[in-house]
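Below is the structure, and that's it, no one-letter string:
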Ligand code: NIG
Ligand code: FE
């Protein structure tokens with residue numbers, strides 16, 4: 001990916017996430033930033049700004065707030081079709097589980113995705129990535145999981161890679177072959193898990209960085225998830241897990257026990273699960289757009305924060321439970337519905353997301369880190385929750401290069 005050199009001045013409020021500075025967000029008032037060949041080279045008060053490097057683009061931020069580019073650590077972006085009909089059914093009283101048990105849910109997206117061409121899938125995935133880039137996301141995790149056989153899972157990981165290469169956003173691919181039992185193995189979850197381990201993983205692992213499983217009541221058990229994640233590790237994929245979304249189903253404990261990079265969803269948590277995640281150093285990826293879309297209570301975000309667990313926020317963008325692409329919108333929900341402070345929400349959407357992906361080179365504006373920046377269309381990061389419906393981002397830099405200009 002090409003890089004850029006830029007000097008950002010006239011920043012109203014600069015969020016650095018630098019632990020060496022004050023407060024959770026390491027704020028700098030009247031700040032400036034220099035990015036040289038894609039990496040942050042200098043951060044400080046504008047009155048101390050050193051001379052600009054040769055060929056630098058000058059960017060006047062007009063008193064707006066500047067934050068590290070958002071890191072969306074959990075999405076299912078590569079899919080075809082939509083499920084607006086199911087969404088309507090849910091609003092009329094059916095539950096997600098009832099629709100899933102009746103053959104809808106993930107299975108209906110699998111059917112639509114299998115029958116879409118590679119160019120259709122690449123086009124819709126690129127369009128989603130472009131819209132995400134415009135709302136300040138500079139890194140996004142993309143899971144497979146709507147293919148459920150070797151050919152289709154591989155195809156989705158290839159689509160994620162191709163779409164990511166065409167948009168100024170880093171895509172981190174995750175193999176989620178164990179998203180649900182495929183139609184070919186209906187009624188034989190163990191047989192399907194064998195197939196995931198013996199056939200899909202060896203072929204898909206070169207295209208992915210992480211291995212994920214939907215471990216939940218009515219989907220895959222803790223034992224089945226453990227088998228897949230252990231096999232994933234043998235193929236070089238670090239584990240992460242859909243855990244405790246539908247019920248208190250043991251996924252969070254498994255994630256902690258295996259030292260998974262993250263445990264995601266976590267809508268049903270006991271205190272002991274929180275302690276286990278903390279002790280294991282597993283990042284809790286919270287997805288408030290899912291609870292909003294399903295009209296269910298939010299996860300225990302504040303308790304996780306207070307227990308010292310590293311918390312990340314993500315969109316979970318998918319056609320079933322969270323058709324949401326914007327991280328600023330997720331920050332708004334996390335504050336308004338989950339009760340996180342604006343500081344916790346912004347940190348979780350940037351540095352927290354980076355740590356959930358094991359990426360220590362981003363999510364903070366500190367010399368040496370990636371020059372991934374969102375220049376907000378607001379004087380303060382608090383406005384992301386205070387004005388949740390307003391256009392949130394004015395400009396985005398990916399590795400120091402402007403990706404969108406004058407959006408608002
Ligand atoms: O993260 N929980 C499992 N997977 C998705 C939903 C997928 C779907 O409904 O299509 C999720 O919520
Ligand atoms: Fe998910």
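The structure has been received and is ready for your questions. In this text, all values refer to a predicted model and were calculated from it rather than measured experimentally. Ligands and ions are numbered 1, 2, ... in the order given.

Determine the number of other residues adjacent to the closest residue to residue 199 other than its chain neighbours.
Nearest non-adjacent residue to residue 199, counting by C-beta to C-beta, 6 or more residues apart in numbering: residue 150, 5.2 Å away. Where you see a C-beta, it was placed from the backbone N, CA and C, and this is true even at glycine. Look at residue 150: counted by other C-beta atoms under 10 Å, it has 17 neighbours.

cool, residue 389 as well?
7.

mind checking the backbone torsions on it?
For residue 389, the backbone dihedrals are phi -90, psi -10 (criterion: degrees, to the nearest 10).

How confident was the prediction at it?
We have a pLDDT of 95 for residue 389.

follow-up on the earlier one: and the residue nearest to residue 199, what does it touch?
Residues in contact with residue 150 (C-beta atoms under 8 Å, 6 or more residues apart in numbering) are 199-200, 203-204.

10 Å instead, please
Taking C-beta atoms under 10 Å, 6 or more residues apart in numbering, we find residue 150 in contact with 177, 195-196, 199-204.

ok, which stretches of the stretch 251-400 of the chain are strands?
262-265, 283-286, 311-313, 373-376, 393-398 (DSSP state E, counting those that start in this stretch).

can you put those strands in JSON lines and add distance to ligand 1, mean pLDDT and mean neighbour count?
Formatted as JSON lines, those follow (distance: least, C-beta to the nearest ligand atom, whole Å; pLDDT from 0 to 100; neighbours: other C-beta atoms under 10 Å):
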{"stretch": "strand 262-265", "distance to ligand 1": "7", "mean pLDDT": "98", "mean neighbour count": "29"}
{"stretch": "strand 283-286", "distance to ligand 1": "10", "mean pLDDT": "98", "mean neighbour count": "30"}
{"stretch": "strand 311-313", "distance to ligand 1": "14", "mean pLDDT": "99", "mean neighbour count": "30"}
{"stretch": "strand 373-376", "distance to ligand 1": "24", "mean pLDDT": "98", "mean neighbour count": "27"}
{"stretch": "strand 393-398", "distance to ligand 1": "25", "mean pLDDT": "96", "mean neighbour count": "25"}
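
wait, which of those strands is closest to residue 96?
strand 262-265 (12.2 Å; C-beta to C-beta).

surely residue 158 meets residue 121?
Yes: the pair residue 158 / residue 121 is scored as a contact, 9.4 Å apart, by C-beta atoms under 10 Å.

Determine the residues that are contacts of both of these two.
Joint contacts of residue 158 and residue 121 (C-beta under 10 Å, 6+ apart) are residue 78.

Can stretch 133-152 be said to contact ligand 1?
No: residues of stretch 133-152 contacting ligand 1 under C-beta under 6 Å from any ligand atom: none, with a closest distance of 7.1 Å.

Let's test this: mean pLDDT of that stretch, rounded?
The model assigns stretch 133-152 a mean pLDDT of 98.

In it, which residues are buried?
133-150, 152 (16 or more other C-beta atoms under 10 Å).

Could you pull up the residues touching the closest residue to ligand 1 within the chain?
For the chain and ligand 1, the shortest gap (C-beta to the nearest ligand atom) falls at residue 320, measuring 2.4 Å. Under the criterion of C-beta under 10 Å, 6+ apart, the neighbours of residue 320 are 76, 79, 82-83, 86-87, 90, 96, 99-100, 104-106, 108-109, 290, 293-294.

Same question for residue 146.
Contacts of residue 146 (C-beta under 10 Å, 6+ apart): 76, 78-81, 106-114, 116, 121, 152-153, 156, 176, 179-180, 318-319.

follow-up on the earlier one: mind checking which of the contacts of residue 320 land in strands?
Among those, no member falls in strands (criterion: DSSP state E).

what subset of those is also close to ligand 1?
Answer for the contacts of residue 320 near ligand 1 (C-beta under 6 Å from any ligand atom): 76, 105-106, 109, 290.

picking that back up, Serialize the contacts of residue 150 to a markdown table and add fields for neighbour count, secondary structure and pLDDT.
Listed next are the contacts of residue 150 as a markdown table, based on neighbours: other C-beta atoms under 10 Å; DSSP: H, G, I helix; E, B strand; the rest coil; pLDDT from 0 to 100:
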| residue | neighbour count | secondary structure | pLDDT |
| --- | --- | --- | --- |
| 177 | 33 | strand | 98 |
| 195 | 21 | helix | 98 |
| 196 | 31 | helix | 98 |
| 199 | 14 | helix | 98 |
| 200 | 26 | helix | 98 |
| 201 | 23 | helix | 98 |
| 202 | 13 | helix | 98 |
| 203 | 16 | helix | 98 |
| 204 | 26 | helix | 98 |
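
Would you agree residue 276 is in contact with residue 252?
Yes: Residue 276 lies in contact with residue 252 (C-beta under 10 Å); the separation is 6.9 Å.

the more surrounded of the two?
residue 252 (29 against 20).

which element is residue 138 on?
Assigned by DSSP states H and E, residue 138 belongs to strand 137-143.

Just give me how far that strand sits from the chain centre.
6 Å (C-alpha atoms, centre = their mean, to the nearest Å).

likewise stretch 86-93?
26 Å.

Show the low-confidence segments of the stretch 301-408 of the chain, by residue range.
404-408 (pLDDT under 70).

Contact residues of it facing ligand 1?
So far as C-beta under 6 Å from any ligand atom goes, the stretch 301-408 of the chain lies against ligand 1 at 316, 318-321.

Is it correct that residue 147 falls within a helix?
No: according to DSSP: H, G, I helix; E, B strand; the rest coil, the state of residue 147 is coil, so it is not within a helix.

contacting residues around it?
Per C-beta under 10 Å, 6+ apart, neighbours of residue 147: 78-79, 110, 113-114, 153-157, 159, 176-177, 179, 182, 200, 204.

same deal with residue 167?
Residue 167 touches 125-133, 140, 398, 403, counting by C-beta under 10 Å, 6+ apart.
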